[in-house]
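# sequence? don't have it. structure:
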């Protein structure tokens, strides 16, 4: 069964509004809340911060341009 945003927010002890701000990059969770979110999602911290395009492992890296 899939969790709703409300279920997930309640599970990690934050409001849906705050969770929405995190999703949009407008706010950041504490390390404790981040740990609860990682456990709730059932992923590793490494997976959460890898930024992979696909399950094959190809990484999404923006090319740098010189100014």
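Received the coordinates, thanks. The structure displayed is predicted, hence computed values, not measured ones.
# now the lowest-mean-pLDDT helix or strand in the chain: how far from the chain's centre is it?
None of the helices or strands of the chain scores lower by mean pLDDT, DSSP states H and E than helix 45-48, at a mean of 88. Centroid separation for helix 45-48 versus its chain: 9 Å, with Cα atoms, centre = their mean, to the nearest Å.
# Contacts for that helix, please.
By Cβ atoms under 8 Å, 6 or more residues apart in numbering, the residues outside helix 45-48 that reach it are 34, 38, 41. The way it works is simple: take the backbone N, C-alpha and C, and place the C-beta from them, glycine included.
# quick one: which of those residues is most hemmed in?
Using other Cβ atoms under 10 Å as the neighbour test, the contacts of helix 45-48 are led by residue 38, with 17 neighbours.
# Can you list the buried residues in the host helix or strand of that one?
Using DSSP states H and E, residue 38 maps to helix 31-41. For helix 31-41, burial by neighbour count (16 or more other Cβ atoms under 10 Å) applies to 33, 36, 37, 38.
# Which strands or helices does it pack on?
helix 5-12, helix 45-48 (3 or more Cβ pairs under 8 Å, 6 or more residues apart in numbering; DSSP states H and E).
# between those helices, which gets nearest to residue 29?
Proximity to residue 29 (Cβ to Cβ) singles out helix 5-12 among these, at 7.9 Å.
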